[in-house]
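>>> Pasting the sequence and the predicted coordinates here, then a few questions.
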Amino acid sequence: MTISIEKHPCFNDASRHTFGRIHLPVAPKCNIQCNYCNRKFDCLNENRPGVTSKVLSPHQALHYLDKAIELSPNISVVGIAGPGDPFANPEETMETLRLVREKYPDMLLCVATNGLNVMPYIEELAQLQVSHVTLTINAVDPEIGSEIYAWVRHRKKMYRDTNAAKILLESQLAALKKLKEIGVTAKVNAIVIPGVNDKHVAEVAKTVAELGADIFNCLPYYNTAETVFENIAEPHPEMVASIQRETEKFLPQMKHCARCRADAIGIIGQENSDEIMKELQEASK
Ligand code: SF4
Ligand code: SF4
């Protein structure tokens, strides 16, 4: 098997105009509640705000992938990034990864998660040669985390306030450490939320750099109606740029993230074609 890291258009800026990616929308549920997230839409930790993706079963997703590759042969990466969290739907996520790996041995595999429940699956992710994992870590201080997360559901128990933020943070940092021990390339996303964590994001970058994270992605918070944060204004681009200057002291920056849909396909930044959307409709029937 030849898996080439250089072909990942998200982790490698130089390849983003040449290689495409596909997100397979197989993971509808989520195991936490971020105060910036309106669950009517895709997970905001990675995905395009205000978009609701169709959900596919693992077998439907494989069928959709086959069609997508026919239409867009430059696809080098298959990712799972929602529409909820991949590891709040571990059966669907792992089954999809197994099916894709079996049929496409050279494909790069990638997942994007809030990190709460990835730990039990890391060994199998390694066996399946999932080479890239993105964790969204918005705070490394549970006091700040408690302002960002309304609740966390872990091993069938609900947590709130700092307990929720503490459990999430412990899970995220343990997962990052383990992913790096087994040689997975790890990106950390941080959502920049003015007045909540904007002065804290550099501390997040410092902490995850110490644990071996490879690349850091400062994503501006996106204001969405019907959320706890609906009255918080989005960060000014200068605020994000200034935080990027701070955080790049610790880690290389990803600056070309397009916050793709959970069912995105092709070159980053290009909209899904009508043909692809038709295939998606067909696959989800
Ligand atoms: Fe929403 Fe994603 Fe946060 Fe879950 S992890 S609450 S889907 S933004
Ligand atoms: Fe890549 Fe960002 Fe799109 Fe994910 S959301 S596929 S990291 S560009």
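That came through, no problem. Ligands and ions are numbered 1, 2, ... in the order given.
>>> Please identify the residues of the stretch 101-250 of the chain in proximity to ligand 1?
N114 (CB under 6 Å from any ligand atom). The way it works is simple: take the backbone N, C-alpha and C, and place the C-beta from them, glycine included.
>>> so who does P86 touch?
By CB atoms under 8 Å, 6 or more residues apart in numbering, the contact set of P86 is 27, 80, 93, 111-113, 118.
>>> Tell me the first helix or strand C-terminal of the longest helix anywhere in the chain.
For the chain, the helix that runs over the most residues, judged by DSSP state H, is helix 161-181. Once helix 161-181 ends, the next helix or strand along the chain (criterion: DSSP states H and E) is strand 185-192.
>>> do stretch 219-231 and ligand 2 meet?
No: applying CB under 6 Å from any ligand atom, one finds stretch 219-231 separated from ligand 2 by no less than 8.5 Å.
>>> and V130, what does it touch?
Going by CB under 8 Å, 6+ apart, V130 touches 97, 109-111, 184.
>>> buried subset of these?
Buried by 16 or more other CB atoms under 10 Å: 97, 109-111, 184, out of the contacts of V130.
>>> nearest to ligand 2, of the residues you listed?
Set against ligand 2, the nearest of the buried ones among the contacts of V130 by CB to the nearest ligand atom is C110 (7.7 Å).
>>> Using the three-state scheme, assign the closest one.
Applying DSSP: H, G, I helix; E, B strand; the rest coil to C110 yields a three-state assignment of strand.
>>> pLDDT at it, what is it?
At C110, the model reports a pLDDT of 93.
>>> re earlier: right, and out of the contacts of V130, which lies closest to M277?
Within the contacts of V130, proximity to M277 (CB to CB) peaks at C110, which comes in at 21.9 Å.
>>> if we can go back for a sec, could you dump the contacts of P86 to JSON lines with secondary structure and distance to L179?
Below are the contacts of P86 laid out as JSON lines (DSSP: H, G, I helix; E, B strand; the rest coil; distance: CB to CB, whole Å):
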{"residue": "A27", "secondary structure": "strand", "distance to L179": "18"}
{"residue": "I80", "secondary structure": "strand", "distance to L179": "15"}
{"residue": "T93", "secondary structure": "helix", "distance to L179": "15"}
{"residue": "V111", "secondary structure": "strand", "distance to L179": "10"}
{"residue": "A112", "secondary structure": "strand", "distance to L179": "13"}
{"residue": "T113", "secondary structure": "strand", "distance to L179": "11"}
{"residue": "V118", "secondary structure": "coil", "distance to L179": "8"}
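>>> which one of these sits closest to ligand 1?
Nearest to ligand 1 among the contacts of P86: T113, at 8.0 Å, using CB to the nearest ligand atom.
>>> That closest one against G82, yeah?
No: at 9.4 Å, T113 and G82 do not qualify as touching, with contact defined as CB atoms under 8 Å.
>>> neighbour count winner among those two?
Taking neighbours as other CB atoms under 10 Å, T113 and G82 compare with G82 leading, 32 against 27.
>>> pretty sure the more buried one contacts E46?
Yes: contact criterion CB under 8 Å: G82 and E46 qualify, at 7.1 Å.
>>> Find residues that contact each of the two.
A112.
>>> Geometric centre of this structure: which residue is closest?
The structure's the chain has its C-alpha centroid closest to A112; by CA atoms, centre = their mean the separation is 2.7 Å.
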